[in-house]
Structures are given as C-alpha cells and as structure tokens.
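S.K.: Build me a structure from this.
(one chain, ligands or ions: 3)
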Amino acid sequence: MTTPADSSPPSGLAIASLVLGILSLVLGFLVVGIFPALVGVVLAAVALRQSRQSTMAAWGLATSAVGLVLSVAMLGLIAVTVWQKGLGTRRHRSRPEVSEIKMGLKPAERPLVLEELWSLEIPGATAVTAGDLDGNGRIEVLVAAAGRQGHRVSADGRLLGTHPLAGEAAFLELGRAGDGGARLAAYENWGKRVLVMNAAGERLWAHSTPSGVDGAHWGDLDGDGADELVVGLNGGGGLTALSPAGEPLWSDTQIGNVWNQAVVSLRGTQPARVFTTEAGGRVRVYESSGKLLRRFELDGEYCAPMSAARMDASGRIQVIGEVDDDTVAASDEQGQTVWRTPVSGSAGHWRQRRFVALDVDGDGTREWIFRQDKDHLVVASPDGIRRAELRLDGPVDEIAVLPMAGGDRLLTRQKDRLAAHGIPAPSAAR
Ligand SMILES: [Ca+2]
Ligand SMILES: [Ca+2]
Ligand SMILES: [Ca+2]
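M.R.: Ligands and ions are numbered 1, 2, ... in the order given. This is a model prediction of the structure:
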C-alpha cells in the first residue's frame, strides 16, 4: 500500500477511469455508455481510495457518473417511446394470454330459437334502421329506398307510410334528438358528406368533408339526451365529433384513415366512450372529450370491421371485431380478449353493420349478432356462449336492431326483403 501523501504521478487506474468516463459520455447517447461508465466509476473509486489527492481520478469519477446518468436517461427515453408506440414488446406481452383462450364459442345448455316474425318486400331498399321516429313511445322501422324514398314500417311489420328523404342513403343511422324525436344520419359509399335529417326526412344540416366518409355513428357523449355524431373519414381525414347541431366538438386527424367507429353513450355514472379502428389496424379508445385513452390490437391482430357496446347494467363494455378475415374476437374495453371464433370468408362490406348488440331474450344482458357465413348468423353472449343461430336463404345484405321491451328483434335485409326475427311472445306462440 502506498501512502496518500506521496502520489504525485496519476495512477494507471485514475487514467483508465478518466478515459472510460469520457468514453461513457460519448457512448451515453447510444445507451451502451452504461458499460464504460460503470467500470469507470469503480476504477475511479479504487484510484481515489489509493490516492485521495488524484485530480485525474476525481475527473474520472465525475465523467463516468455523468455518462452513467446519460445512459440511463437514454434507456428510459427509449423505453417510454416503445411503450407509447405499442411496438412488438406489447404484442408479445398480450400473446400468451390470448393463446390461452380456446378458439370457438361454448355451446348453450338451452339454445334460443329465433323465428321469423314478419317480412316485407320494399322495392329498391338500400338501408334500414329502427327506433322511436316520432317520439310517441312506439318503435318504428325506417327503410331508405332508391329515389330518395323513406318507408316507415311498424314494429309488427305493417307499412305505415312513405315520404321523401332529403338525400340518398346507402347507410342510415338513427340517433336521438333532445326533444324526444329522431335524427337520421345518411351517407353514401365514398360520399363526401353526412346528411342529417329529421324523422320526416327533411334536411337539418350536413357535414361536408374533402375526405370520403367511412362511417357516422350517434351517441350521447355528455348525457343531455341529445346524441352527438362521430364521423370517420378516409384518406387521412381522421375522426371528428359533432354536436347535435353539427358543430365540430373535437377531431383527431393524426390517425390517418379510419375504418369503423362505435359510440357508447354516457349513462348515469358510466362514462361515454368512442371507439375506432385505423390504418394501423388497432382499436383506439377515446373519452367523450376526444382524449385518447388507449389503443390496442384486438386479439393481437389487425382489425378493420369493429363495433363496441355496453352489454349490461353493470356497464361492461365489449369490443367486437373481425381479425385476419377469418376470426371474430371480442375483448373488454382494455383490449383483453374474452372470446374468439372462426368465421368463413369476409362476408359483406366492412362499412356495413357487421355486428349488432341486442338483448334477444330480454334478460338485461345484450348479445352480439354477427355473420358466421354470408347466409348464417350467430347470436353470442358477451361470455362467448353460442346462444342461437339463424340460417337464411341467401346472403344477408344488412342487419339492424329493432328494440323491443321484453326482447329485441333482429332485422335482416336481403336485397328488397326486410324481415324481423326474434323469440315469439308466449301469447303469440299459442
Ligand atoms: Ca314512434
Ligand atoms: Ca349529448
Ligand atoms: Ca340477453
């Protein structure tokens, strides 16, 4: 051991620690500076212990320490970036959990039987929706037909009347106005506007856009009883939320092209949510204010056709979508897969309603209805039980909900043929 007083020339250790310290400063930006920094700190500490007067060792300690901090900071920055971008690491994290879920729906102990309750031919039918059109407490069906015709049908399948519509409707969505009446949002395939009409088919306002409209969906974002409209656009147009009067509330134009959207209304203490799928194939979840809450890959895969709904009184939200063209998967609001089942072929256009949530048996829990094949529909519970099946003659062009107390009905449109399906009321069965 040398005495501390007589150490005039710097020791090899001190020189080495300084060299490593400088090296760690340079390499700190590349994260790998962490290695020379650690060795530098150790060498400088040993050199200082041997000779307390060594300025070079002190510099070695200082530079190594700064290099260490720099490397750790860079490492932290990279970790945060990777987490935010949801890159491969997140994918791998969700994979094992997903693979534990068995492919396919569980059979029901007592399957429900859906019967055709009525049908109606409506020449040139293009789109169908249902709700309380005139605010009188009874549900009606509205069928848009070629030539700007709106046909009003009672819930039991009688044609009530026909009136003109202010615009063509390849797609029709019914929302609630604050006064108890209905609002109709109509848009065309690749159209550049969403036309909003009252229940009589008269124009109220239109949202025009340089991008094509990919979808428009109503939902009450603020719980005041009047639905806001969320519009998804292609070609980099992003997502826009509009007030009941058509004023812009918020938009997200950073996400590029969007596919499907879904709006879950505010109900009591259960907050509203907006869902969309985007060019990257992820599901994005927004608060009612437009703040992005999270994004995830449904079942770890690319998803374009998607919907979301609140399934029961507990407020449970479920997201459903078609992934990889051959699987329908459902997840919770956080993106955790609940069930998945194979479907054959990609039936129908992604822009059309692929999934509807309805309470077919009136027990307070909604079920999902989706296409198993082009002429074969499946009713699945949120827990992944196959409650019912419905096989039709020929392809189904459109599905919609006919909301009814005691059990919602399913509306199907096969070209001009509109039909309602459901569990027959006990009195009607006798
Ligand atoms: Ca009515
Ligand atoms: Ca509202
Ligand atoms: Ca139910």
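S.K.: buried residues in stretch 227-246?
M.R.: If you call a residue buried by 16 or more other CB atoms under 10 Å, then stretch 227-246 has these buried ones: 227-234, 237-242, 244. C-beta coordinates here come from the backbone N, C-alpha and C atoms, glycine included.
S.K.: Next, give me the two most distant ones among the residues you listed.
M.R.: 234 and 244 (24.6 Å; CB to CB).
S.K.: And the buried residues of stretch 227-246, which is closest to ligand 2?
M.R.: Ranked by distance to ligand 2 (CB to the ion), the buried residues of stretch 227-246 are led by residue 228 at 5.1 Å.
S.K.: Who does that closest one form a beta bridge with?
M.R.: For residue 228, the beta-bridge partners under DSSP bridges are residue 219.
S.K.: Can you check the pLDDT for it?
M.R.: Reading off the confidence values, residue 228 has pLDDT 98.
S.K.: Below-threshold pLDDT in the stretch 301-430 of the chain: ranges please.
M.R.: 345-350, 426-430 (pLDDT under 70).
S.K.: hmm, 50 instead?
M.R.: Applying pLDDT under 50 to the stretch 301-430 of the chain flags residues 428-430.
S.K.: from it, which residue is nearest to ligand 1?
M.R.: Nearest to ligand 1 in the stretch 301-430 of the chain, going by CB to the ion, is residue 403, at a distance of 11.3 Å.
S.K.: burial of that residue, as a residue count?
M.R.: 14 (other CB atoms under 10 Å).
S.K.: list the contacts for it?
M.R.: When contacts are counted by CB atoms under 8 Å, 6 or more residues apart in numbering, residue 403 touches 130-131, 139, 358.
S.K.: would residue 156 count as being in a strand?
M.R.: No: using DSSP: H, G, I helix; E, B strand; the rest coil, the secondary structure at residue 156 is coil, not a strand.
S.K.: Which residue, neighbours along the chain excluded, lies closest to it?
M.R.: The shortest distance from residue 156 to any non-neighbouring residue, by CB to CB, 6 or more residues apart in numbering, is to residue 118 (6.4 Å).
S.K.: Which strand residues bridge that neighbour?
M.R.: Beta-bridge partners recorded for residue 118 (DSSP bridges): residue 420.
S.K.: count of residues packed around it?
M.R.: Using other CB under 10 Å, the number of residues around residue 118 comes to 16.
S.K.: Mind listing residues that contact the helix or strand hosting residue 231?
M.R.: Assigned by DSSP states H and E, residue 231 falls within strand 228-233. With contacts defined as CB under 8 Å, 6+ apart, strand 228-233 is touched by 175, 183, 185, 194, 196, 207, 209, 211-222, 238-244, 246, 249, 257-261, 263, 274, 276.
S.K.: In contact with whatever residue of the stretch 301-430 of the chain ends up closest to ligand 2, which residues?
M.R.: Going by CB to the ion, ligand 2 is nearest to residue 310 of the stretch 301-430 of the chain, at 15.9 Å. Residues near residue 310 by CB under 8 Å, 6+ apart: 264-265, 267, 270, 316-317, 366.
S.K.: What separation do you get for it and residue 144?
M.R.: 27 Å (CB to CB, to the nearest Å).
S.K.: Enumerate the residues of this structure near ligand 1.
M.R.: Neighbours of ligand 1 within the chain, by CB under 5 Å from the ion: 132, 134, 136, 138, 140.
S.K.: Which among the residues you listed count as buried?
M.R.: Buried by 16+ other CB under 10 Å: 132, 140, out of those.
S.K.: export the residues of the chain next to ligand 1 to a markdown table and tack on pLDDT?
M.R.: Below are these laid out as a markdown table (pLDDT from 0 to 100):
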| residue | pLDDT |
| --- | --- |
| 132 | 95 |
| 134 | 91 |
| 136 | 91 |
| 138 | 95 |
| 140 | 97 |
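S.K.: ok, which pair from the residues of the chain next to ligand 1 is furthest apart?
M.R.: 136 and 140 (9.1 Å).
S.K.: Just the buried residues of the longest helix seen in the chain, please?
M.R.: Across the chain, the helix with the greatest residue count (assigned by DSSP state H) is helix 55-85. Neighbour counts over helix 55-85 (16+ other CB under 10 Å) mark 56-68, 70-71, 74 as buried.
S.K.: Point out the residues in the stretch 101-250 of the chain that sit beside ligand 2.
M.R.: 220, 222, 224, 226.
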